[in-house]
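A.B. asks: This is a predicted model, with the sequence first.
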Amino acid sequence: MTHKKNNYFWRIGITLFLVFSCLFISCSTPEKRLTKDRLTISYLSHFSLDKEIKKLRLQHPIKISAEQIANHLLSLRYKETTLLGKKKYIFSPNDVLEITPIITKVLNRLKPSKVLHYEVETPKGETAGIIFRAEGKINWRFETINGTNFSNNSFAHNRGSLWELLPKKGQRFHKEHSMFGNDRKGNWIISNLKLPVKSKRGRKLGLLKKISKPPTHKRSRKKETARHTRSDKRGLKKRLQFLKGLRDKQLIDEDEYKSKKIELLNQLP
């Protein structure tokens, strides 16, 4: 009887070991990464992030247009917290044109348990962060802007960091509630999915129109049409020569020849 009990507990132990081994392997497996030009994206598990995000209920995928994403990217700003610090836009127009199509596609296919992580190589250094949706809002949390990391520290309102985001209309800081009050996160902005104001520089540079109405490749369509026209003319010429040969050999009379010739000419566009 004791031997049977030992076997039972041994099997239970082996089963638990295998289960925990599988969980460990799945958690330690690197997330899928995709790199295109200056942009690298990866999918992070919701539960692998810090407790501030873990407790949020994600709403994925994010149904959003390329024009809306471009408007978000163009609107995101930050300020340097140094004595003579300046206010700057995070993404350049070239950045926006390059990364908008990919970011939009990924967000529209994002799984409920995943968060989008991105890295953009800029002339001044890497800009990186995560994007996700919760409570009907889109969240932009930055780790690095132009090669400068955001410093997480115990100072109120992140005073130890070299930069802080600048919310605009339709945007606000994420605030963490604690026993010391509401701690504003200077690297985390929560935005309306559809911002109420379109970016001024997006309108000025015509970027929103370029993104919402991609080129239709008119030139290639014209070339294709011209190629088909030339091909049709060559085919018609051969058929007319064949018809003329039939008439010359008196296999058809003159009236039939003229009638068929008119039919063939009418087929030419």
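C.D. replies: Good, I have the coordinates. Numbers count the residues shown, from 1 in each chain.
A.B. asks: Where does pLDDT dip in the stretch 101-250 of the chain?
C.D. replies: 152-160, 178-182, 204-205, 207-209, 212-231 (pLDDT under 70).
A.B. asks: Would you mind finding the longest strand in this protein?
C.D. replies: Longest strand in the chain, counting residues (DSSP state E): strand 181-192.
A.B. asks: who does that strand touch, helix- and strand-wise?
C.D. replies: Here strand 181-192 touches strand 137-145, strand 163-165, strand 171-178, going by 3 or more Cβ pairs under 8 Å, 6 or more residues apart in numbering; DSSP states H and E. The C-beta positions use only the backbone N, C-alpha and C, and glycine is treated the same way.
A.B. asks: Dump those strands to JSON lines, plus mean neighbour count and distance to I131.
C.D. replies: Formatted as JSON lines, these follow (neighbours: other Cβ atoms under 10 Å; distance: least, Cβ to Cβ, whole Å):
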{"stretch": "strand 137-145", "mean neighbour count": "20", "distance to I131": "6"}
{"stretch": "strand 163-165", "mean neighbour count": "22", "distance to I131": "14"}
{"stretch": "strand 171-178", "mean neighbour count": "15", "distance to I131": "13"}
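A.B. asks: Tabulate those strands in JSON lines, adding columns for distance to Y89.
C.D. replies: Output for those, formatted as JSON lines (distance: least, Cβ to Cβ, whole Å):
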{"stretch": "strand 137-145", "distance to Y89": "10"}
{"stretch": "strand 163-165", "distance to Y89": "11"}
{"stretch": "strand 171-178", "distance to Y89": "14"}
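A.B. asks: how far does the longest strand of the chain sit from the chain's center?
C.D. replies: Computed by Cα atoms, centre = their mean, to the nearest Å, the chain-centroid distance of strand 181-192 equals 23 Å.
A.B. asks: Buried residues, that strand. List them.
C.D. replies: Residues 183, 185-191 are the ones in strand 181-192 that count as buried (16 or more other Cβ atoms under 10 Å).
A.B. asks: how big is the angle separating that strand from strand 137-145?
C.D. replies: Counting by axes from the mean of the first three to the mean of the last three Cα atoms, to 10 degrees, strand 181-192 lies at 110 degrees to strand 137-145.
A.B. asks: Could I have the CA atoms of strand 181-192 written out in PDB?
C.D. replies: The C-alpha trace of strand 181-192 is given here as PDB (Å, rounded to 0.1, in the frame of the first residue of the first chain):
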ATOM      1  CA  GLY A 181      -1.400  61.300  -3.400                       C
ATOM      2  CA  ASN A 182      -1.600  61.100  -7.200                       C
ATOM      3  CA  ASP A 183       1.900  60.700  -8.800                       C
ATOM      4  CA  ARG A 184       1.900  62.100 -12.300                       C
ATOM      5  CA  LYS A 185       3.900  60.000 -14.800                       C
ATOM      6  CA  GLY A 186       5.800  62.300 -17.000                       C
ATOM      7  CA  ASN A 187       6.600  59.700 -19.600                       C
ATOM      8  CA  TRP A 188       3.000  58.300 -20.000                       C
ATOM      9  CA  ILE A 189       0.200  60.100 -21.900                       C
ATOM     10  CA  ILE A 190      -3.400  58.900 -22.200                       C
ATOM     11  CA  SER A 191      -5.100  60.200 -25.400                       C
ATOM     12  CA  ASN A 192      -8.600  60.100 -26.900                       C
END
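A.B. asks: Show me what it is in contact with.
C.D. replies: Contact with strand 181-192 is made by 72, 76, 129, 137-143, 150, 156-158, 161, 163-165, 167, 170-177, as judged by Cβ atoms under 8 Å, 6 or more residues apart in numbering.
A.B. asks: do stretch 112-120 as well
C.D. replies: Contacts of stretch 112-120 (Cβ under 8 Å, 6+ apart): 31, 38-47, 49, 53, 58, 60, 91, 95, 99, 103, 106-107, 110, 126-132.
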